[in-house]
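S.K.: build me a structure from this.
(4 chains)
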2 protein chains.
Amino acid sequence: MNLLLENIAKHVSLTPDEQERVLSFTTPKQFKPKTILLKAGEICTHSFFVTKGILRSYTMDENGVEHVVSFACPGWWIADMYSFLSQRPGQLFIEVNEEAEVLLLSKEDQDKMYREVPKMERFFRILIENSLVANQQRLIDNMSFTAEARYDKFSKKYSGLIHSLPQKQIASYIGVTPEFFSKMKARMLKK
Amino acid sequence: MNLLLENIAKHVSLTPDEQERVLSFTTPKQFKPKTILLKAGEICTHSFFVTKGILRSYTMDENGVEHVVSFACPGWWIADMYSFLSQRPGQLFIEVNEEAEVLLLSKEDQDKMYREVPKMERFFRILIENSLVANQQRLIDNMSFTAEARYDKFSKKYSGLIHSLPQKQIASYIGVTPEFFSKMKARMLKK
DNA sequence: CGTCTATTTGAATGTACTCAAAAGCGGTGG
DNA sequence: CCACCGCTTTTGAGTACATTCAAATAGACG
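M.R.: Numbers count the residues shown, from 1 in each chain, chains lettered A, B, ... in the order given. The predicted structure follows:
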């Protein structure tokens, strides 16, 4: 069965006709690893629903250092929310980590979707609520815990993903340098 | 005119009848400074819309250190989103900073509101989208900038608020200890 | 005024960073 | 299939940003 419809069904129930309409707004596409789907400074015209592979979003600070904002595996959406919503240039890069299949949803089509299938407005509201909660939790974790504890949390939350990610990116996500991360990991093994 | 309705009008337009219904779901209430509206471990049954004064939300880590999650001044909503949405015990405290007037909206009433005035679903979706964007920006800032740069950003963003907040709370919000914050401020003045 | 909390200041410490270099690993082309 | 290249990871030494603990000072409130 279709992964997107499965996910929608967890929050709202669509009629077969509505399901078809929703799908008709999306465009499936395949991408090779290292493909950059969005660059900082560009306008994020599409939101991506991952059906296969792994994507990630990140910023680049003034020193050229990457900061991973999110990973997206199958069943997850990824976009530069600021840019997508405002249709103004954003600061995020979105890049393919692993050979991926995604569904593209343009901003216009999303707006149309809200009008034609109002239930989808609820669906996205719930999705965004959950993102907000997760994001707030990450902020709290960053303020409350040491790098070691953050890594523990990360390992649990992304246990499936963790072995397919370069350490560099994990380090970036939890907010430390790759060098420090490497040392920390070695230290943790000894215990 | 009513502050809540003004704010709603920025995103969706309600008929006079709908306006009245929306207001009927809310309960105005006044609170003295230092009143705690929500404690960690409790279920957040209400969301608060501030019409006067200042509230703040924070967590308390295992060492008893406060971490300010958000400030809310007139025109802003505040709640423990995780707890409010899931109706499960949360980890946030919500406390009155300055003599406040707020509108209470219970979870049930919000759900009713969504059903009776569907436009409000869009309103809250937009509100939450904006929160998510702001929150993500704060996360990026915390990872990319030094405490000094974060304070600069904070000063600009909350220029109106900054003089009514104890330094302790500002320090906590930007993610440093009050002692360090004090030294940092002195250092910055010299430049 | 006295008490309580917030802020400042100082010294010692720790966590995480920078820079540099070596080692490991994976992919690609000859 | 192996050699080489580029990138990631590891390791080490020195450093910086921020914390902890302690004590003094300043402010706010009853």
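S.K.: neighbours of residue A:159, how many?
M.R.: 9 (other Cβ atoms under 10 Å in any protein chain shown). No exception for glycine: its C-beta is placed from N, CA and C like everyone else's.
S.K.: test my guess that residue A:85 contacts residue B:132.
M.R.: No: using Cβ atoms under 8 Å, residue A:85 makes no contact with residue B:132, being 9.0 Å away.
S.K.: in which helix or strand would I find the residue nearest to residue A:117 when sequence neighbours are not counted?
M.R.: In space, and not counting its chain neighbours, residue A:117 is closest to residue A:18: 5.0 Å by Cβ to Cβ, 6 or more residues apart in numbering or on different chains. If you go by DSSP states H and E, residue A:18 is part of helix A:16-24.
S.K.: need the contact list for the spatially closest residue to residue A:37 that is not a sequence neighbour.
M.R.: The shortest distance from residue A:37 to any non-neighbouring residue, by Cβ to Cβ, 6+ apart, is to residue A:94 (4.5 Å). Contact analysis of residue A:94 by Cβ atoms under 8 Å, 6 or more residues apart in numbering or on different chains lists A:36, A:37, A:38, A:44, A:48, A:55, A:56, A:57, A:78, A:79, A:80.
S.K.: at 10 Å what do you get?
M.R.: Residues counted as contacts of residue A:94 (Cβ atoms under 10 Å, 6 or more residues apart in numbering or on different chains) are A:35-40, A:42, A:44, A:46, A:48, A:55-58, A:69-70, A:72, A:78-80, A:102.
S.K.: joint contacts of residue A:85 and residue B:132?
M.R.: Contacts common to residue A:85 and residue B:132, judged by Cβ under 10 Å, 6+ apart, are residue A:128.
S.K.: pLDDT on the helix holding residue A:18, on average?
M.R.: Mean pLDDT, helix A:16-24: 97.
S.K.: elements contacting it?
M.R.: helix A:3-9, helix A:107-116, helix A:119-144 (3 or more Cβ pairs under 10 Å, 6 or more residues apart in numbering or on different chains; DSSP states H and E).
S.K.: circling back to that earlier point, the residue nearest to residue A:117 touches residue A:9, doesn't it?
M.R.: No: when contacts are counted by Cβ atoms under 10 Å, residue A:18 is not listed as touching residue A:9 (11.2 Å).
S.K.: more neighbours, those two?
M.R.: Set residue A:18 next to residue A:9 and count neighbours by other Cβ under 10 Å: residue A:18 wins out with 19 against 14.
S.K.: tell me which other helices or strands the helix or strand hosting residue A:171 touches.
M.R.: Secondary structure from DSSP H and E places residue A:171 in helix A:167-174. Applying 3+ Cβ pairs under 10 Å, 6+ apart, we find helix A:167-174 packed against strand A:46-60, strand A:66-72, helix A:119-144, helix A:147-157, helix A:178-189, helix B:119-144.
S.K.: coming back round to it: contacting residues for the residue nearest to residue A:117?
M.R.: A:5, A:8, A:12, A:113, A:116, A:117, A:118, A:119, A:120 are the contacts of residue A:18 under Cβ under 10 Å, 6+ apart.
S.K.: which stretches of chain A have low pLDDT?
M.R.: A:191 (pLDDT under 70).
S.K.: near DNA strand C, which residues of it?
M.R.: A:63, A:65, A:146, A:147, A:148, A:175, A:176, A:177, A:179, A:180, A:184 (Cβ under 7 Å from any atom of the strand).
S.K.: A helix includes the first one, no?
M.R.: Looking back up the chat, that one is residue A:63. No: per DSSP: H, G, I helix; E, B strand; the rest coil, residue A:63 lies outside any helix segment and is coil.
S.K.: residues near it, how many?
M.R.: Using other Cβ under 10 Å, the number of residues around residue A:63 comes to 6.
S.K.: same check, this time on the third one
M.R.: When neighbours are defined as other Cβ under 10 Å, residue A:146 has 10 of them.
S.K.: residues in contact with residue A:106?
M.R.: A:25, A:26, A:27, A:45, A:46, A:47, A:84, A:112, A:113.
S.K.: next, count neighbours for the nearest residue to residue A:50 once chain neighbours are set aside.
M.R.: Excluding the flanking residues, the one nearest residue A:50 by Cβ to Cβ, 6+ apart is residue A:72, at 4.9 Å. Residue A:72 is flanked by 22 other residues according to other Cβ under 10 Å.
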